[in-house]
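# need a structure here:
(2 chains)
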Number of protein chains: 2
Amino acid sequence: MTRVEPGAVERICCIGAGVIGSGWVAHFLARGYRVSAWDPAPDGEARMNRLVEAAWPALEQLGLAVGASRDRLVFEPTLARAVEGAAFVQESAPDRLPLKIDLLAEIDAAAMPEAVIASSTSGFGMTEMQVKAARPERLVVGHPFNPPYLVPLVEVVGGARTAPDAVDWATAFYEAAGKTAVRMSREVPGFIANRLQEALWYEALHMVAAGEATVEEIDLAVTAGPGLRWAFMGPFLTFHLAGGEGGMGHMLNHWPPGSMDPAWTRLVPPAVEGALRDGIVEGCEAEAAGRGPTELIAERDRKLIAVIKALREA
Amino acid sequence: MTRVEPGAVERICCIGAGVIGSGWVAHFLARGYRVSAWDPAPDGEARMNRLVEAAWPALEQLGLAVGASRDRLVFEPTLARAVEGAAFVQESAPDRLPLKIDLLAEIDAAAMPEAVIASSTSGFGMTEMQVKAARPERLVVGHPFNPPYLVPLVEVVGGARTAPDAVDWATAFYEAAGKTAVRMSREVPGFIANRLQEALWYEALHMVAAGEATVEEIDLAVTAGPGLRWAFMGPFLTFHLAGGEGGMGHMLNHWPPGSMDPAWTRLVPPAVEGALRDGIVEGCEAEAAGRGPTELIAERDRKLIAVIKALREA
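All right, here's what the predicted structure looks like:
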């Protein structure tokens, strides 16, 4: 069995005509793919067409791939017809485990043997979803962020019975299809971004519950503050930069996590020492890739200005 | 004692020539103010000039106020000379409590009686810093985000002995000076944005500690995912929108905080019910201000496209 090269895929199958499924369809069409789709609901086709149409002007503004067209979407009457001949299947059904288990088994049975099948699930791991599939080794999670046609992130991870080469292939395929793929080495509930988002969300709920801040103060504090930086600089590189010439190592010495008294948050951090500390410092240095504070500050300022000006004009 | 109107301030005093203090100077100069500054270090003036010069091109790109000029900065030889005649003083000394207590008392003794004095502290509440001041009622915290000349947020809050009208005045002044001011009604360690940032940071550290994700995966997941939205939409409005026509109320029914099993984050949320639940739903509706899902989605997409295009070009 030989898989087509991840960059040579021409036709994709999308299962599910909800907001996420249709968002994937819009994304793949905009990148020039042919898409065959299916959804069991009587109004599935109409719904998908409506959602793709609504997304299209945004995609035109970002720039369509050569040959991209909404005419390359074919809504099929059956699942079997939809997956036929597709090198890649993106499943975006409602997030209910029994449904996902049966649907993935059905897709697996119908798809050509070399196809890779990805689930958009946010709530389940592939280990628990692949239990009825005959070829579980080609089943992966490809978890997008909403809307999938605009937010680049897709988190890619296999289950216990997934072959690593299927995860590799899916990661390479998503990158070729214009997404930013983060390939996780193990299953974690909530993957990465939703976990981080939940931690912030829960602290925000606690602040409102304790009368420390209002809904609107919290949203404004994020969008006028750290949110502007998070659009282009993650938490590690941000604190690496805050450490100046000494980088993350200096930062961890100067502000050891959890040293704030009284505590700044309700979540207690791990002890950052030994191999963990070394790994974090090395990770930051790898990410900085030789860029020192002066270069990182110049880059941060350039991007901050770009974001601020863009939002001012939007 | 009559204070000048917040929008009629012409001269500001900035104490401290570090990254934050000089960043404030750059911001105020760019907005057209005259600034008198002081720092006790022998190289304070040179350092401030260097930092303001480095910030200036960014400020020019964002657009200077009429008459704005670096020539409007006067570095004074003493604290007393610097605060003389200034309607507003921004203190940005190192974040050590005894130093802050004495310095704020000294500024308070030298400043004209109607001046409002703000501290850039990130680590202390004004209640503990204002203990030696003769006129504690005009001392407030005005906590910026780095760099203060680009990130709009300033968190404004008084101490136990601060008069509410001083907090009101400082909030109005910051707004007039081009900042986005969040006026907090009570002191909270870490204020708002740093608490939220810490919660995300600590979960990120736990994920690395547990081998669930790497430094680079986490940074990439933020910047390619939720970070892009946080630049213009806070956590509450984001989830309000995720609730569709039913908004935050539907969201809280459908995904009650803490209902994920296994848990998506190490921080346990509060029980969101009764008055807390009602308050959150009302806060989201107030923030949406009549905008329904269709309008919010259009706005989100417009801003996402603007941010993505801007970062692509930067």
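
# any idea which helix or strand carries the closest residue to A:Met129 other than its chain neighbours?
Counting by C-beta to C-beta, 6 or more residues apart in numbering or on different chains, the nearest residue to A:Met129 once its immediate chain neighbours are dropped is A:Lys100, at 4.8 Å. Every C-beta, even on glycine, is put in place using the N, C-alpha and C of the backbone. Following DSSP states H and E, one finds A:Lys100 within helix A:97-110.

# helices or strands next to that helix in the packing?
helix A:79-83, strand A:88-91, strand A:116-119, helix A:126-129 (3 or more C-beta pairs under 8 Å, 6 or more residues apart in numbering or on different chains; DSSP states H and E).

# Contacts for the last one next, please.
What that stands for is helix A:126-129. A:97, A:100-101, A:104, A:119, A:121, A:139-141, A:157-162, A:187 (C-beta atoms under 8 Å, 6 or more residues apart in numbering or on different chains).

# List buried residues within those residues.
A:100-101, A:104, A:119, A:121, A:139-141, A:157-159, A:162, A:187 (16 or more other C-beta atoms under 10 Å in any protein chain shown).

# For chain B, state which of the residues you listed is nearest.
Among the buried ones among the contacts of helix A:126-129, A:Glu187 lies closest to chain B (C-beta to the nearest C-beta), at 9.2 Å.

# The closest one: what's it in contact with?
A:125-127, A:141, A:157-159.

# So which bits of the longest helix seen in chain A are buried?
Of all the segments assigned as helix in chain A under DSSP state H, the longest by residue count is helix A:293-313. For helix A:293-313, burial by neighbour count (16+ other C-beta under 10 Å) applies to A:293, A:296-297, A:300-311.

# ok, which of those residues also contact chain B?
By C-beta under 8 Å from any C-beta of the partner chain, the members of those lying near chain B are A:301-311.

# TSV for those, including pLDDT?
What follows is those, written out as TSV (pLDDT from 0 to 100):
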residue	pLDDT
A:Asp301	94
A:Arg302	95
A:Lys303	97
A:Leu304	96
A:Ile305	96
A:Ala306	97
A:Val307	98
A:Ile308	97
A:Lys309	96
A:Ala310	97
A:Leu311	97
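
# okay if I get these as JSON lines plus distance to A:Leu276?
Shown next, in JSON lines, are these (distance: C-beta to C-beta, whole Å):
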{"residue": "A:Asp301", "distance to A:Leu276": "31"}
{"residue": "A:Arg302", "distance to A:Leu276": "32"}
{"residue": "A:Lys303", "distance to A:Leu276": "29"}
{"residue": "A:Leu304", "distance to A:Leu276": "30"}
{"residue": "A:Ile305", "distance to A:Leu276": "35"}
{"residue": "A:Ala306", "distance to A:Leu276": "34"}
{"residue": "A:Val307", "distance to A:Leu276": "32"}
{"residue": "A:Ile308", "distance to A:Leu276": "35"}
{"residue": "A:Lys309", "distance to A:Leu276": "39"}
{"residue": "A:Ala310", "distance to A:Leu276": "37"}
{"residue": "A:Leu311", "distance to A:Leu276": "37"}
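
# Name the nearest of those relative to B:Cys13.
A:Asp301 (25.5 Å; C-beta to C-beta).

# what about the spatially closest residue to A:Trp264 that is not a sequence neighbour, is that helix, strand or coil?
Nearest residue to A:Trp264, sequence neighbours excluded (C-beta to C-beta, 6+ apart): B:Gly190, at 3.2 Å. The three-state label given to B:Gly190 by DSSP: H, G, I helix; E, B strand; the rest coil is coil.

# which residues of chain A fall in helices?
Going by DSSP H, chain A shows helices at A:19-30, A:44-62, A:79-83, A:97-110, A:126-129, A:164-176, A:193-209, A:215-223, A:226-230, A:235-242, A:247-254, A:274-288, A:293-313.

# Save those as a markdown table, and put in distance to B:Ser36 too.
Below are the helices of chain A laid out as a markdown table (distance: least, C-beta to C-beta, whole Å):
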| stretch | distance to B:Ser36 |
| --- | --- |
| helix A:19-30 | 54 |
| helix A:44-62 | 47 |
| helix A:79-83 | 71 |
| helix A:97-110 | 66 |
| helix A:126-129 | 63 |
| helix A:164-176 | 54 |
| helix A:193-209 | 37 |
| helix A:215-223 | 30 |
| helix A:226-230 | 30 |
| helix A:235-242 | 28 |
| helix A:247-254 | 30 |
| helix A:274-288 | 37 |
| helix A:293-313 | 26 |
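
# domains for chain A, by residue range?
Following automatic domain parsing, chain A resolves into domains at A:6-183, A:225-313.

# out of those domains, deepest packed?
domain A:6-183 (a mean of 20; mean count of other C-beta atoms under 10 Å in any protein chain shown).

# Look at A:Pro262 and report its pLDDT.
Note for A:Pro262: predicted pLDDT of 89.

# does it really touch B:Pro189, like I thought?
Yes - contact status for A:Pro262 versus B:Pro189: in contact at 4.5 Å, counting by C-beta atoms under 8 Å.

# who touches the residue sitting nearest the centre point of chain A in this structure?
Nearest residue to the geometric centre of chain A (C-alpha atoms, centre = their mean): A:Val154, 2.7 Å. A:Val154 sits next to A:142-145, A:148, A:174, A:179-182 when contact means C-beta under 8 Å, 6+ apart.

# Pipe these into JSON lines and attach distance to chain B per row.
Shown next, in JSON lines, are these (distance: C-beta to the nearest C-beta, whole Å):
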{"residue": "A:Gly142", "distance to chain B": "13"}
{"residue": "A:His143", "distance to chain B": "10"}
{"residue": "A:Pro144", "distance to chain B": "9"}
{"residue": "A:Phe145", "distance to chain B": "5"}
{"residue": "A:Pro148", "distance to chain B": "11"}
{"residue": "A:Tyr174", "distance to chain B": "11"}
{"residue": "A:Lys179", "distance to chain B": "8"}
{"residue": "A:Thr180", "distance to chain B": "4"}
{"residue": "A:Ala181", "distance to chain B": "9"}
{"residue": "A:Val182", "distance to chain B": "5"}
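
# Closest to A:Ile218 out of those?
Nearest to A:Ile218 among the contacts of A:Val154, with distances taken as C-beta to C-beta, is A:Phe145, at 20.7 Å.

# Please state the backbone phi and psi of the closest one?
phi -110, psi 150 (degrees, to the nearest 10).

# now do the one 5 residues further on
Main-chain dihedrals, A:Leu150, degrees, to the nearest 10: phi -120, psi -40.

# so it touches B:Ala306, yeah?
No - assessed by C-beta under 8 Å, A:Leu150 is found out of contact with B:Ala306, at 10.9 Å.

# tell me which parts of the stretch 51-200 of chain A are close to chain B?
Near chain B, when you scan the stretch 51-200 of chain A using C-beta under 8 Å from any C-beta, you find A:55, A:58, A:61-62, A:123, A:145-147, A:150-153, A:155, A:180, A:182, A:184, A:186, A:188-200.
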